[in-house]
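Asks: need a 3D model of the sequence below.
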Amino acid sequence: MRSNKIFQTIKNFETLFYDEFQKTGIVRCGHCRSTGFQHNNINELCVECGGMGYTGFKKLAGEFICRTCNGYGCMLCNNKGTVDWITHANNSDIMETK
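Replies: Numbering: from 1, shown residues only. Modelled structure (predicted):
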């Protein structure tokens, strides 16, 4: 749900203010063609953008995008999709994979 809101906000920004959008460094995900889904399967999120449909952003509304879930929401960010700057600076938002 959260990634849907962020996706829609970014998409509207791209559509309404294209020239300004180009300056941000945010780009459409080439892996999922900006759908946010893996192989057009709505049950699997894209592994590149984490379901956002866009990549290239790290900070949003004063907080940083959680690097584990890419803004989708997970246990490490309490399903907010964002973390504070201390958590981000300490790399506490990166889940170790074994």
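Asks: mind listing what the nearest residue to residue 77 once chain neighbours are set aside touches?
Replies: Nearest non-adjacent residue to residue 77, counting by Cβ to Cβ, 6 or more residues apart in numbering: residue 66, 3.9 Å away. All C-beta spots, glycine's among them, are computed from the backbone N, C-alpha and C. Neighbouring residues of residue 66 by Cβ atoms under 8 Å, 6 or more residues apart in numbering: 73, 74, 76, 77, 80, 81, 82, 83, 93.
Asks: try residue 57
Replies: 10, 24, 25, 26, 65.
Asks: let's see it at 10 Å
Replies: 6, 10, 24, 25, 26, 27, 64, 65, 70, 71 (Cβ atoms under 10 Å, 6 or more residues apart in numbering).
Asks: for residue 69, same thing?
Replies: So residue 69 contacts 2-3, 45, 50-52, 75-77, 79-82, 93, 95 (Cβ under 10 Å, 6+ apart).
Asks: what subset of those is buried?
Replies: Buried members of the contacts of residue 69, counted by 16 or more other Cβ atoms under 10 Å: 2, 3, 45, 50, 51, 52, 76, 77, 81, 82, 93.
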